[in-house]
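Pasting the sequence and the predicted model now:
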Amino acid sequence: MVKRRRGALLAFGFALAAALLPSGGARAQTTVTIATVNNGDMVVMQRLSSRFEQQNPNIRLRWVVLEENVLRQRVTTDIATRAGQFDILTIGNYEVPIWAKQGWLAAFDNLPAGYDAEDILPTVRTGISHEGKLYALPFYAESAMTYYRTDLLQRAGISMPERPTYAQIREIAEKITDKNNQVYGLCLRGKPGWGENMGFVTPLVTAFGGQWFDSQWRTKIDTPEWRRAIAWYSDALRQFGPPGATSNGFNENLALYAGGRCGIWVDATVAAGLLFDPKQSQVADRVGFAPMPTGDFAGGPTWLWSWNLAIPATSKQQEAARAFATWATSKEYIQLVAQENGWVAVPPGTRRSTYDNPEYQKAAPFASFVLRAITEANPTASTREPRPYTGAQFVGIPEFQGIGTQVGQTIASTLTGTGVEQALRGAQSATERAMRQAGYPK
Amino acid sequence: MSTTVAPPLGALPGQADAPERRRPVAFFLLSPSVAVLLLWMAVPLALTLWFSFQRYNLLDPTVGGFAGLDNYEFLVTDPDFWAALANTLVLVGSVLAITVVGGTLLAVLFDREFPGRNIARLLAVAPFFVMPTVAALVWKNLMMHPSYGVLGSVARGLGLEPVDWFADYPMASVIVIVAWQWLPFALLILLTAIQSLDSEQKEAARMDGAGPVAQFFFITLPHLGRAISVVVMIETIFLLTVFAEIFVTTSGGPGNATTNLAFLIYARALLQFDVGGGSAGGVVAIVLANVVAFFLVRTIARRLEV
């Protein structure tokens, strides 16, 4: 037991040190604590934030940068218990309307005229509004698309169709997989989590004609549509995917693709800015892109995600937090990133002015493609059968965080040998139980 | 029974025979720490019990109120719960088997004289002093990772396909990590026990013609009986709550292959934000741990009295 006592003593020492350190430097300053994701664009924001501190010497920023799943867990517990640990939260367009409705977020009224909120793309703006008011400011926004390696396809003597289907994606992946040279035909999200693998799986199921719930809130997971979709996912990824696919989320796949290990990758459009940037990608000159693949049901809801900065209603530093949130989502910030890292690396998808800029169009060959995907994104469209919820790669109800993560675990287990039918039966019963416990149908 | 050396095991029932008049003073002196302990234990316990009867989901504050036994009903009808119980038993049982058998053999080995024995002992004990999260990270990324891990490169060197341990053999991998951490503990306790073995007994056995194997089974092993009981008891208590190793490596997956009771409670309370359901799981875990502890303490106390 010596180990434990020593551990406790050490922990106490560190806690003491941690408690004493910050108070040493701060004098008559406002400290704003920012919780954010460890995605590339956010890391750039953290680095460039020293400029903001220079312009606002009375504001100090404290950063808590976390992996996506951990961030969600920390931020949700914090805001739901009104713990007030953070002054700025990085949350998605899933959380914003739900949390705004519960009165957890401060509205962004009376934004300064220079901020030009009208410049924000309308689909993105709608996604983070509640009853006509903005409850968050968009940092970057994305739809989804297919990336592929032009050189690998050329060598195999094939070309990517204008609008690929999932069946075609699988065929191409098979032809370009070369496991001996660690080139894997297909990379997809496999890490469990409602915002990780389920972000891809939900639109995939939609494309195969399935959905989460029918109009009576009955769970529709153990259905032929889900079975076909998950069978495609698990077969293709197991045969042509990289090893350890169950631990690959967005960032891990990005690293694999940028390192030349992936032939095809279907994921968020925001990755384009990183993959086409020679500083961050070894394959920058060999990236091709196509729309998100389709299945036998076309015209369903399409992927729209935005990462936004929001301020909890309980934050005591409302003014300072607002100042930072408007700074980090402004046109000036985008220009600052362009100066520092080049236009290709600016946070995309939020402002019309970015896409109108000829320099961005020149640096980013994917600009108009992404703009169209985002402005035409329609997360409220119907699935094949009518549905009582909104969202393309999520279900817009508070309980989805829990349900999606649990089902995500089960789906991930199909990549390591659990049968698809068995997994879906398990997911169906778990979801039914969770929905009954939450009191649906409401 | 003539025990030559009393085992240093604190307050056994028979030893508390302080004179009657010193009782009030002792009680007075003890009361602050007892009060703190009670507070420390009773408040969280009461809160957990209270929450376990509440409808309380962090994600939706509009749903609330007294839930009766609903949370418990949901728990025991949840297939994941039974899987988690089974996983807990498998994990505890396997780690106990590995550490006790391995610890006994290593203890016999390290009891021998050989050059560099002290250094070897130090190295063998070292894993116990590594924090569980660190140990799990090292195993995950440096040992078992199919691309960067040592095992992966050994496999590639032999011309084999590297194994993705946490995907293909998740439970076995977790057991290996936890056993690696607890083996030194068993070794440490059993080695000290072996050193207390009278060398004249061994000598006599040897003169009677007992070979090393017979000596081990008829002299060393019976002598170690008590020490093994202690190892089993202490390890069981800690192994029931293994969490860090699972959280860092597999997050309870794939599916629910490595979800033990501790991780299930975490998942219910902090991944699905169902505080009521998580608390109900916590209460069940407390009951379970107490049942196990009760039986263990009883059987072991009986052995110690001999």
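Looks like it came in fine.

so, in contact with chain B or not, stretch A:196-212?
No - Stretch A:196-212 does not reach chain B (CB under 8 Å from any CB of the partner chain); its nearest approach is 11.0 Å. All C-beta spots, glycine's among them, are computed from the backbone N, C-alpha and C.

roughly how far is that stretch from the heart of the chain?
With CA atoms, centre = their mean, to the nearest Å as the basis, stretch A:196-212 stands 15 Å off its chain's centre.

average model confidence for it?
Mean per-residue pLDDT for stretch A:196-212: 94.

With stretch A:309-327 instead?
Stretch A:309-327 comes out at a mean pLDDT of 93.

measure that stretch end to end?
11 Å (CA to CA, to the nearest Å).

what do you get for stretch A:339-356?
Across stretch A:339-356, the terminal residues are separated by 17 Å (CA to CA).

What's the mean pLDDT across it?
Mean predicted confidence for stretch A:339-356 is 92.

got the residues of the stretch 151-300 of chain B near chain A?
Counting by CB under 8 Å from any CB, the residues of the stretch 151-300 of chain B near chain A are B:162, B:164, B:166-168, B:170, B:251-257, B:267, B:270-274, B:277.

Only whichever of those residues are buried, select them in PyMOL.
The buried residues among those can be selected in PyMOL (16 or more other CB atoms under 10 Å in any protein chain shown) with this line:
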select buried, chain B and resi 162+164+166+167+170+251+252+253+254+255+256+257+267+270+271+272+273+274+277
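
which residues of chain A score low on pLDDT?
Counting by pLDDT under 70, chain A contains low-confidence residues at A:1-28.

Could you say which helix or strand holds residue 108?
Let's take chain A. Per DSSP states H and E, residue A:108 falls between elements, in no helix or strand.

ah, I was thinking of chain B
Counting by DSSP H and E, residue B:108 is found in helix B:79-111.

how far does that helix sit from the chain's center?
When C-alpha coordinates are averaged (CA atoms, centre = their mean), helix B:79-111 and its chain have centres 8 Å apart.

Same check on stretch B:283-299?
For stretch B:283-299, the distance to the chain centre is 13 Å (CA atoms, centre = their mean).

average pLDDT for that stretch?
For stretch B:283-299, mean pLDDT is 87.

which residues touch that stretch?
With CB atoms under 8 Å, 6 or more residues apart in numbering or on different chains as the test, stretch B:283-299 has contacts from B:45, B:48-49, B:52, B:72, B:75, B:229, B:232-233, B:236-237, B:240-241, B:261-262, B:265.

Please report phi then psi for the closest residue to residue A:386 other than its chain neighbours.
Once flanking residues are discounted, residue A:386 sits nearest to residue A:215: 4.9 Å by CB to CB, 6 or more residues apart in numbering or on different chains. When read as degrees, to the nearest 10, the backbone of residue A:215 gives phi -70, psi -10.

For residue A:215, grab the count of nearby residues.
Counted with other CB atoms under 10 Å in any protein chain shown, the neighbours of residue A:215 add up to 12.

hang on, it packs against residue A:383?
No - here residue A:215 does not reach residue A:383: they are 10.4 Å apart, not a contact under CB atoms under 8 Å.

how much space between the nearest residue to residue A:164 once chain neighbours are set aside and residue B:237?
Distances taken as CB to CB, 6+ apart place residue A:293 nearest to residue A:164, at 4.8 Å, with adjacent residues excluded. In this view, residue A:293 and residue B:237 are 52 Å apart by CB to CB, to the nearest Å.

With neighbour numbers in mind, choose between those two.
A side-by-side neighbour count of residue A:293 and residue B:237, using other CB under 10 Å, places residue A:293 first with 22 against 15.

Look up how far chain B lies from the more buried one.
Separation of residue A:293 from chain B (CB to the nearest CB, to the nearest Å) stands at 25 Å.

thinking again about what came up before, quick one: contacts for the residue nearest to residue A:386?
Neighbours of residue A:215 in contact, by CB under 8 Å, 6+ apart: A:385, A:386, A:387, A:388.

Okay then, goodbye and thanks.
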